[in-house]
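Colleague: Sequence first, predicted coordinates after that:
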Amino acid sequence: MSKFADIQIDPAIVKRATRGDAKAHEILYRAFSAPVFSVCLRFTRVPAQAEDLLQETFIEVIRKITQFRGDAPIGIWIRRIAVSKALMFLRSAWHARGQSLDDDWEEMTFEVRPSAAGSQQHDQAMDLDAAMADLTPVSRAVVWLHDVEGYTHKEIAGLMGKTESFSKSQLSRAYQRLRPMLDAEMERENATSAMQESALGSF
């Protein structure tokens, strides 16, 4: 799961925010703006659009903070708003192209731009960003929600207004596309490790 749940906010700050305290709103923004931007960028792949969604998310957070009841950590509540905003963005893009969630997503692409703060970290034997970028937008969204954010298929279905079978089929399709890339990356990693071990053994 992403770091939303790891960010600790003093309950007193949250209470102040629910009462309209602007300083408390600023504290929440500073604490969660980075993970919100990261989630939005995963969906849009375009930094400028992710920035717009970041602002929309916190406008919604401030507008609805009085409805927060503390049933879950504030970070989880903010994450759900961010995901909803990102999915609304994708829906608008789908509709603008005359597409629907039931169309063939293999034919649909989005503009991809590198992030200015591009991470050089790899998730063991794979470059997650490169692998995810090769997926269609809807498959990428489902993989991210399920494997990284920890949403269940039932929750994903609710967010997308579809069935659990739809979520499962999209995840399966994504895995099928990712498998050759993962296998190739694993082979490269194994070959590199073998060469390093051979080099060390020669001394």
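Modeller: Noted; the coordinates are in hand. In this text, all values refer to a predicted model and were calculated from it rather than measured experimentally.
Colleague: Quick check: mean pLDDT of the helix or strand where Arg140 lies?
Modeller: Using DSSP states H and E, Arg140 sits within helix 137-143. Mean pLDDT, computed over helix 137-143, is 82.
Colleague: Quick check: which helices or strands does whichever helix or strand comes after it pack against?
Modeller: Counting by DSSP H and E, the element after helix 137-143 in chain order, helix or strand, is helix 153-160. On a contact count with 3 or more Cβ pairs under 8 Å, 6 or more residues apart in numbering; DSSP states H and E, helix 153-160 meets helix 74-96, helix 164-201. From N, CA and C alone the C-beta is placed, and that goes for glycine too.
Colleague: By mean pLDDT, show me the worst of the ones you listed.
Modeller: When these are ranked by mean pLDDT, helix 164-201 comes last with a mean of 73.
Colleague: Tyr29 and Val148: what is the separation?
Modeller: 23 Å (Cβ to Cβ, to the nearest Å).
Colleague: scratch that, Phe32 is what I was asking about
Modeller: Counting by Cβ to Cβ - Phe32 and Val148 are separated by 17 Å.
Colleague: what's the distance between the nearest residue to Thr66 once chain neighbours are set aside and Phe58?
Modeller: With Cβ to Cβ, 6 or more residues apart in numbering as the criterion, Thr66 has its nearest non-adjacent residue at 5.3 Å, and that residue is Thr18. Distance of Thr18 to Phe58, computed by Cβ to Cβ: 15 Å.
Colleague: Counting neighbours, go ahead and name the busier of the two.
Modeller: Taking neighbours as other Cβ atoms under 10 Å, Thr18 and Phe58 compare with Phe58 leading, 21 against 17.
Colleague: mind listing what that one touches?
Modeller: Neighbouring residues of Phe58 by Cβ atoms under 8 Å, 6 or more residues apart in numbering: His25, Leu28, Tyr29, Ser33, Val36.
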